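>>> How does the following fold in three dimensions:
(one chain, ligands or ions: 1)
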Amino acid sequence: MTVRTRFAPSPTGYLHLGGARTALYSWAYARHFGGTFVLRIEDTDLERSTPEAVQAILDGMKWLGLEHDEGPFYQMKRMDRYREVILTMLEQGSAYLCYCSPEEVEAMRERMRAAGEKPRYDGTWRPEPGKELPPVPPGVQPVVRFKNPLDGEVTWNDVVKGPITIANKELDDLVIARPDGTPTYNFCVAVDDWDMGITHVLRGDDHVNNTPRQINILRALGAPLPEYGHLPMILGADGEKLSKRHGAVSVMEYPAQGYLPEAMLNYLARLGWSHGNDEIFSMDQFCEWFNLEHLTASAAQFNNEKLAWLNNHYIKQADNGRLAELARPVLEREGARLLSGPDLPAVIGLMKERANTVNELADAAMLFYRVPKADPALVAQHLTDSARTALGQFAERAKSVEWTRAAISAMVKEVLAANGLKMPQLAMPLRLALTGQLQTPAIDAVVELFGRDTVVERVEKFI
Ligand code: GLU
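This is a model prediction of the structure:
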């Protein structure tokens, strides 16, 4: 059997973290077996689906690099197929026309509630051998109902939650087509999973209630049943359902905040699945390891600090040129004078060690791209007479010293020794002269990056 998985989002909003994790696991499972990952857009809810949401989902998948092998299929483009299956089911007797009005159905539910029973359709139009159906009322457009088995139960061995059993008595004769002929949600999902040859359905556990209905429809169609796995929700750090209040819930807010996709992927991979104590792994590694046995059955809690820690790890690994391209628009937004400063990738390389996000990195890099404006109080404190003398010698020697970090460092030490100063007595005013602030990376590295001309010019101006 070739593994075929799918991600089937409803385009009613952005791609949220839970959806991205579902997509990741479905993708990885297909990759693990060299199978096929299908993308299906479940856009039949016309009131809530929007083209912007479709685009947001596609953008999110692209950013994460979760490439689909087939699709995207759009349910709205499959209406003819659904109609065809409905007709077949009507012919075969696994579905029937029901002429009850919505008011009648509501009234029968009300009666059952009053009698202390579970409200359900009472089977008025359900054909049974020897049963006489009511006369067809004129002018009424019927719905199509699925003839759900009356007895027995539906059981599946959920790959996340273990065996789940639902009695058929609990399930209604589901409406599969509305009076205008449009098919309903569970029916479309079942037909799609069948047509698309889906072998493993991984989805959020808000769909557990749909699964027995879909299984019954698939059985009636004579379709093979996929394996089902229902992933628990992602909760905020406070144990509440993840929402805006916890920060970003849309995947695409993360690149905007300066997160790398590999950090997000690694984070989501571990959020609900484990491989021993491994915390940091590549997607190749994940696809090799991923299995359904180690999915976590309990809800996962989102932890921003851990995501930031992973992001820092991947920033340190990332190519400086790539980080520079990500940081560039942020720097430009902040008014950085990129052309009159040092080479951006080199600056990134110096600063990336301590940054949790690309945006933090850009903020830190700003120090190289703005006109330094030191606080006069700090200048008064650090630009002592002896510092002024030492800075003068430093500027003189900077004009001819070999422009490498090692040579600059040696020169600085010689200037210190000649003036009987300690490192901070020269480094602090030098920092103020070059950047306007006291916190910078190692001073020899900063000097080297600014380049000879800028260093000499700023120090001379400063003293
Ligand atoms: N369209 C559903 C959703 O976005 C998922 C359906 C499924 O995976 O079966 O929640």
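
>>> and the stretch 101-250 of the chain, which of its residues are near the ligand?
189, 203-204, 207 (C-beta under 6 Å from any ligand atom). C-beta coordinates here come from the backbone N, C-alpha and C atoms, glycine included.

>>> Save those as JSON lines, and put in neighbour count, pLDDT and secondary structure too.
Listed next are these as JSON lines, based on neighbours: other C-beta atoms under 10 Å; pLDDT from 0 to 100; DSSP: H, G, I helix; E, B strand; the rest coil:
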{"residue": "189", "neighbour count": "26", "pLDDT": "98", "secondary structure": "helix"}
{"residue": "203", "neighbour count": "23", "pLDDT": "97", "secondary structure": "strand"}
{"residue": "204", "neighbour count": "15", "pLDDT": "95", "secondary structure": "strand"}
{"residue": "207", "neighbour count": "16", "pLDDT": "97", "secondary structure": "helix"}
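
>>> So which of those residues is the closest to the ligand?
residue 203 (3.5 Å; C-beta to the nearest ligand atom).

>>> for the closest one, what are its contacts?
Neighbour list for residue 203: 8, 22, 228-231 [criterion: C-beta atoms under 8 Å, 6 or more residues apart in numbering].

>>> residues in contact with the closest residue in space to residue 65 that isn't next to it in sequence?
Leaving aside its sequence neighbours, residue 65 sits nearest to residue 261 (C-beta to C-beta, 6 or more residues apart in numbering; 6.0 Å). When contacts are counted by C-beta under 8 Å, 6+ apart, residue 261 is found next to 63-65, 255.

>>> 7 Å - rerun?
63-65 (C-beta atoms under 7 Å, 6 or more residues apart in numbering).

>>> how deep is residue 162 tucked in, by neighbour count?
If you count neighbours by other C-beta atoms under 10 Å, residue 162 ends up with 9.

>>> Let me know the pLDDT of the nearest residue to it once chain neighbours are set aside.
Nearest-residue entry for residue 162: residue 297, 7.7 Å, with adjacent residues in sequence omitted and distances by C-beta to C-beta, 6+ apart. Confidence at residue 297, expressed as pLDDT, is 92.

>>> now do residue 248
69.

>>> same thing with residue 20?
97.

>>> what about it, neighbour count?
Residue 20 has 26 nearby residues by other C-beta under 10 Å.

>>> Spatially, which residue comes closest to it, not counting chain neighbours?
Spatial nearest neighbour of residue 20, chain neighbours left out: residue 251 (4.8 Å); criterion: C-beta to C-beta, 6+ apart.

>>> Kindly provide the distance from that neighbour to residue 440.
35 Å (C-beta to C-beta, to the nearest Å).

>>> one step back: which of the contacts of residue 261 tops the neighbour count?
Using other C-beta under 10 Å as the neighbour criterion, residue 64 leads these with 23 neighbours.

>>> wait, isn't it in contact with residue 19?
No: look at residue 64 against residue 19 with C-beta atoms under 7 Å: they stay out of range, at 10.8 Å.

>>> Run through the bridge partners of residue 164.
residue 156 (DSSP bridges).

>>> How about the contacts made by it?
Residue 164 makes contact with 155-156, 158, 208 under the criterion C-beta under 7 Å, 6+ apart.

>>> re earlier: which one's more surrounded, residue 251 and residue 440?
residue 251 (27 against 22).

>>> Phi and psi next, for the more buried one.
Note on residue 251: backbone dihedrals following degrees, to the nearest 10 are phi -60, psi -40.

>>> so where is the stretch 101-250 of the chain shaky, pLDDT-wise?
248 (pLDDT under 70).

>>> what are the ranges of the strands in it?
Using DSSP state E, counting those that start in this stretch, the strands of the stretch 101-250 of the chain run over 143-146, 153-158, 162-167, 175-177, 200-204, 227-231, 234-235.

>>> outside of the helix or strand hosting residue 85, which residues touch it?
Using DSSP states H and E, residue 85 falls within helix 79-92. Here helix 79-92 makes contact (C-beta under 7 Å, 6+ apart) with 95-96, 144, 176-177, 181, 183, 187-188, 191, 195, 220.
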